[in-house]
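>>> sequence? don't have it. structure:
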């Protein structure tokens, strides 16, 4: 469904969502970086930005979150308190980029293959994504090489594309989106079908992720993995900003008679990620870890979950302390 | 109003302060009961992370005590410890950790009276400072996560 | 720059060294570390004001050690790194050929670590004015303000460990945070865990930090964590007269002691 959201209506829209009891996340300037934060005042939202430092995955897949809590009673019986979806608020994300929205779909594919991950599903189901298309891109963006574009609709409930006068061309895409529309019907005006492409950022196509997917079938032992990863220092910066990285660790916090089990982010780039109890580490050196990162995103995920694990946001390149440029490496692989 | 009784954890070495504290008892010297003593082989073994763990688990104050310089059972453990604490105080206070809550002392096996004095002084000081609220609040945020 | 390229080429041709660790350009005009092993690749080397990374971090990296004897393009802080690594027995004496760049940008080759030590007597790299300013500001804060300042900064930390990974002195095969029996520091980014981690990092680098500031540059959240290790360096200098990275034989500051270490807080 196509609608028009006037610039002047946005604040009312925001306030409506607040009165409807939604927790709202939107990009905010934290003094140094643009980050998605809980927003109480409309004025705090930053609209003029290219991409946030962290992706929005944190909203559906927090840095750490509880799986269950246990308490041993005086009579030594144990009370288990499982994760409850009730603890998750109804949430609306405003202003994420189309690549972030697709990133969350990649997470969904991982967390809902075979057995659905309860906390993830609860958070995903209770969150509506109002995405804003990109009118600007930066040098590290490569969504068009990842099969997407600055106005991709996948993963969004409502996609807003900024058009003339700061108004938004609104595409209502899902049931969740329709619900939001119905609750705020007076703010969304009728709009003619327009070609939104002319408003979108132009992002050059540098490689084809399908070719990379094919290539990876044959180059597992290629020397390029060592060559590319020589400069990698093995931190987790790329994984933690990646909208599609889903590695996690499961740990227990035990306080004697009570405690809890929780999940937290982890990264395949860390040296100890694969270490066995025996002390053997199947991915002993960084080149193997770097290869794993690329294979997981471009080979294993498409095969198993039918989605790519890279959406082309380029955040890993933005934050890499040693200026590894994923686009450069993928272009190299593409050309092998 | 309920009187605030500070919880103080004392990390002491086996050879001097622990024996000194024993002497305090056998000498029938009365002193504040707020202190919980943890015995270590040597002050050189007391890692600063133990102090951090004590604070995050609700200690209002800490005492670290061992042999006087040159009296170490292992010759130099307390010298190592001294350097470590000199460094720790600089970095910890830079991060905003209140050093008034952490007392360092040398108490020998013969100084039962000094131990009582050290504990009483620390107890008074920390009673004045009140509970270590800011720190514990920060520590409990993780523990109390509800989802 | 030509001088550097030519020298690198010579060294590789003569097989004096097996690899030259230096700076090269990425496709988007950024600087990355390059590992030159063939004389003809020496043209890839660049050096300009964009070259800020402390390449010393690669000297202890498994794959790089595997290449054989390295030469390293070294700013003053990287030279200090080499000396400090040698004093900690992580590189062999004269096991690295230092292709130094002085503070004025002049190339200077150091055949031995002794010559690097002599060069260091002329003075080390200054702490950037911006950092000095912030350090001075933190010093004047009250205890509560300092606590609030660091809590605000550290809550941004995601525990990606870019600080640890980028630090040439953090070469431990297994870091204390990776031990889980006992679990000293919480694995995820928690309020208390972040404080403990950064305190621990500063303590473990105390007297070893060469003030290159790489951790602060590496931080994806731009937390000024390098100030913590700068502070530790300051303490080491003021209290023990120890400055890291000036000598290849200096004993480790916190694993050594003097009978007359002067403190004023032990009762």
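That came through, no problem. The structure presented is a predicted model; accordingly, all values stated were derived computationally and were not measured.

>>> Tell me, how many residues neighbour the residue in the stretch 1-150 of chain A that chain B sits nearest to?
Residue nearest to chain B within the stretch 1-150 of chain A: residue A:87 (3.9 Å; Cβ to the nearest Cβ). Every residue, glycine included, has its C-beta placed from N, CA and C. Neighbourhood size, residue A:87 [other Cβ atoms under 10 Å in any protein chain shown]: 13.

>>> next one: residue B:101
Neighbours of residue B:101 (other Cβ under 10 Å): 21.

>>> For the closest residue to it other than its chain neighbours, list the residues it contacts.
Sequence neighbours aside, residue B:61 is the residue nearest to residue B:101 in space, at 4.7 Å (criterion: Cβ to Cβ, 6 or more residues apart in numbering or on different chains). By Cβ atoms under 8 Å, 6 or more residues apart in numbering or on different chains, the contact set of residue B:61 is B:6-9, B:101-103, B:122-123, B:125-126, B:129, B:132.

>>> same deal with residue A:252?
Counting by Cβ under 8 Å, 6+ apart, residue A:252 has contacts A:259, A:260, A:261, A:262.

>>> Can you tell me which residue sits nearest the middle of chain B?
Closest residue to the average C-alpha location of chain B: residue B:63 at 1.6 Å, with Cα atoms, centre = their mean.

>>> That one in helix, strand or coil?
The three-state label given to residue B:63 by DSSP: H, G, I helix; E, B strand; the rest coil is strand.

>>> ok, it touching residue B:119?
Yes. If you go by Cβ atoms under 8 Å, residue B:63 and residue B:119 touch, sitting 6.9 Å apart.

>>> Mind listing the shared neighbours of the two?
In contact with both residue B:63 and residue B:119: B:8, B:10, B:35, using Cβ under 8 Å, 6+ apart.

>>> Looking at those residues, which one is closest to residue A:290?
Within the shared contacts of residue B:63 and residue B:119, proximity to residue A:290 (Cβ to Cβ) peaks at residue B:10, which comes in at 49.0 Å.

>>> quick one, what contacts the spatially most central residue of chain A?
Nearest residue to the geometric centre of chain A (Cα atoms, centre = their mean): residue A:243, 2.8 Å. Listed by Cβ under 8 Å, 6+ apart, the contact partners of residue A:243 are A:55-57, A:99-100, A:102-104, A:106-107, A:311, A:313, A:315.

>>> With adjacent residues omitted, what lies nearest to it?
residue A:103 (2.5 Å).

>>> Burial check on the one you found, number of neighbours?
29.

>>> ok so, going back, looking at the residue nearest to residue B:101 now. What's its pLDDT?
At residue B:61, the predicted lDDT confidence score is 95.

>>> What pLDDT is listed against residue B:146?
For residue B:146, the predicted pLDDT is 66.

>>> distance of the residue in chain B that chain C sits nearest to from residue C:142?
Closest to chain C within chain B is residue B:96: 2.8 Å, counting by Cβ to the nearest Cβ. Separation of residue B:96 from residue C:142 (Cβ to Cβ, to the nearest Å) stands at 9 Å.

>>> Of the two, give the one with the bigger neighbour count.
Taking neighbours as other Cβ under 10 Å, residue B:96 and residue C:142 compare with residue B:96 leading, 21 against 9.

>>> ok, how many other residues are close to the closest residue to the more buried one other than its chain neighbours?
Residue nearest to residue B:96 in three dimensions, not counting chain neighbours: residue C:147, with 2.8 Å by Cβ to Cβ, 6+ apart. If you count neighbours by other Cβ under 10 Å, residue C:147 ends up with 20.

>>> Please, which helix or strand holds residue C:147?
helix C:143-154 (DSSP states H and E).

>>> ditto for residue A:214
Applying DSSP H and E, one finds residue A:214 within helix A:209-215.

>>> Repeat that for residue B:118.
Judged by DSSP H and E, residue B:118 forms part of helix B:112-129.

>>> Remind me what that helix packs against, helices and strands.
Helix B:112-129 sits against strand B:8-13, helix B:17-26, strand B:35-40, strand B:61-66, strand B:102-106, with contacts defined as 3 or more Cβ pairs under 8 Å, 6 or more residues apart in numbering or on different chains; DSSP states H and E.
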